[in-house]
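S.K.: next input, structure requested:
(one chain, ligands or ions: 2)
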Amino acid sequence: MRIAFVGKGGSGKSALSALFVTYLSNKYPEKNVYAVDADLNIHLPRYLGFKLKSENFTYLSDSRSMQDIRNYLINKNTRIKHVDHFRKTTPPAIGSNIVDLTDKNNYIFKNYALNRKNIFLSVVGTYSKGKIGQSCYHDHLSIFENILSHSLDRNSYLVADMVAGIDAFSGSLYAQFDVLIVVVEPSRASFEVFDQYLDLAKEADIQDLIRVVGNKARSDDDVKYILKLISKKYLLGVFSYSKHVENVDRGIENLDLNKLEKNDFDVLANIDAYINKIVVDENSRLKRLYDVHRKYVSQDYVLKRYGDLISQIDNNFKF
Ligand SMILES: Nc1ncnc2c1ncn2[C@@H]1O[C@H](COP(=O)(O)OP(=O)(O)OP(=O)(O)O)[C@@H](O)[C@H]1O
Ligand SMILES: [Mg+2]
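M.R.: Numbers count the residues shown, from 1 in each chain. Ligands and ions are numbered 1, 2, ... in the order given. Below you'll find the predicted structure:
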């Protein structure tokens, strides 16, 4: 099961991702919860109480990690002629290594994640010195797209704290989740971002994947404002402005769900109840990925640079 938190900058994607990861980890101790920070401003580890510096840890998007992960995923897939031809939309095929997120010792967890209890954390990574201005964040996200397209997550959870703005709709990302939760604050700008997402989602025919959580409501008026602007069919709840979340952000307290107001705990439970009803269907995700791949490979610059990559689609492959 894959859940992405998306939304306007500062709306609370990282805070809610961390809260929901903690919720899942507590409620389902026997399942793995894979938390992925996919934002160039890295905040998820801090909310979850992981220290990146003190441990031997590499970002997924470091160039050496990218090469290594891609080579691992390619394995015996002869449809990828060279690791440079492993593009963001390249699907798995017969011979590919598939990452099993139910396995605590899978290649990604072992080499690219920090671990505490049943929580595994990876960080896509930010710009390295000297590279600022040379690459865009899409390049970084492509390795995450590759991991998503080559992993199996039945009986486990993957929660992604996504980059702000509409980058979540670049490449194949949006096609690879089971639900995209848009976090909205009671502000006009936040709703504008939601409307933008909804338009993009309709265009990509994935509007069924969109849900909304309100955040940082300080009063009944804030709640009413959110209820007025978001249709009931999308809304999974409204989280309040929480003193505990503020204290976690300031490093005064560790995240502890017992310190939440009942209403806020119930919002997390409601998200869980919602996703529990979703039936994970890897093969329809795969079909969506094929569609995005077909579009990607038909672009002139891709054709010129890599030749025709349509043969990377292996119709005999099934998860
Ligand atoms: N429910 C809440 N109650 C109190 N403070 C909150 C709440 N949600 C988020 N915040 C605070 O608002 C700020 C932004 O939250 P957060 O970092 O989670 O947002 P974000 O959407 O991930 O931002 P960015 O786009 O920068 O990654 C932080 O200081 C965070 O602690
Ligand atoms: Mg964030």
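
S.K.: what is the helix or strand Leu141 falls within packed up against?
M.R.: In this assignment (DSSP states H and E), Leu141 forms part of helix 137-149. Applying 3 or more Cβ pairs under 8 Å, 6 or more residues apart in numbering; DSSP states H and E, one finds that helix 137-149 contacts strand 33-38, helix 63-74. The C-beta positions use only the backbone N, C-alpha and C, and glycine is treated the same way.

S.K.: among these, which comes closest to ligand 1?
M.R.: Each of those was scored for nearness to ligand 1 using Cβ to the nearest ligand atom, and the closest is strand 33-38 (9.2 Å).

S.K.: which residues outside that closest one are in contact with it?
M.R.: When contacts are taken as Cβ atoms under 8 Å, 6 or more residues apart in numbering, the neighbours of strand 33-38 outside the stretch itself are 4, 14, 17-18, 21, 24-25, 43-45, 48, 101, 109, 113, 118-124, 141, 144, 153, 156-163.

S.K.: dump the helices and strands packed on helix 137-149 to TSV, plus mean neighbour count.
M.R.: TSV is the format used below for these (neighbours: other Cβ atoms under 10 Å):
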stretch	mean neighbour count
strand 33-38	28
helix 63-74	18
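
S.K.: so is Thr102 in a helix, a strand, or just coil?
M.R.: Secondary structure for Thr102, judged by DSSP: H, G, I helix; E, B strand; the rest coil, is coil.

S.K.: that one and Asn32 touch, don't they?
M.R.: Yes. Taking Cβ atoms under 8 Å as the contact criterion, Thr102 and Asn32 are neighbours in contact, 6.1 Å apart.

S.K.: ramachandran angles for the nearest residue to Tyr112 once chain neighbours are set aside?
M.R.: The shortest distance from Tyr112 to any non-neighbouring residue, by Cβ to Cβ, 6 or more residues apart in numbering, is to Ser122 (5.3 Å). Recorded main-chain torsions at Ser122 are phi -120, psi 150, according to degrees, to the nearest 10.

S.K.: so in terms of bridging, what pairs with Ser122?
M.R.: The residues paired with Ser122 through beta bridges, assigned by DSSP bridges, are Val36.

S.K.: ok, it touching Asn115?
M.R.: No. Using Cβ under 8 Å as the test, Ser122 is too far from Asn115 to be in contact (10.4 Å).

S.K.: give me the neighbour count for the one residue in the stretch 201-319 of the chain that gets nearest to ligand 1.
M.R.: Of all residues in the stretch 201-319 of the chain, Asp249 sits closest to ligand 1, with a separation of 3.1 Å (Cβ to the nearest ligand atom). One way to gauge burial is a neighbour count; for Asp249, by other Cβ atoms under 10 Å, it gives 15.

S.K.: show me where pLDDT drops low in this protein?
M.R.: Confidence mapping of the chain against pLDDT under 70 gives the ranges 54-55, 127-138.

S.K.: show me where the stretch 201-319 of the chain has strands.
M.R.: Secondary structure of the stretch 201-319 of the chain by DSSP state E, counting those that start in this stretch: the strands cover 210-217, 235-240.

S.K.: and what of the stretch 51-200 of the chain?
M.R.: Under the criterion DSSP E, counting those that start in this stretch, strands of the stretch 51-200 of the chain are mapped to 99-100, 114-116, 119-123, 151-152, 157-162, 179-184.

S.K.: done for today, thanks.
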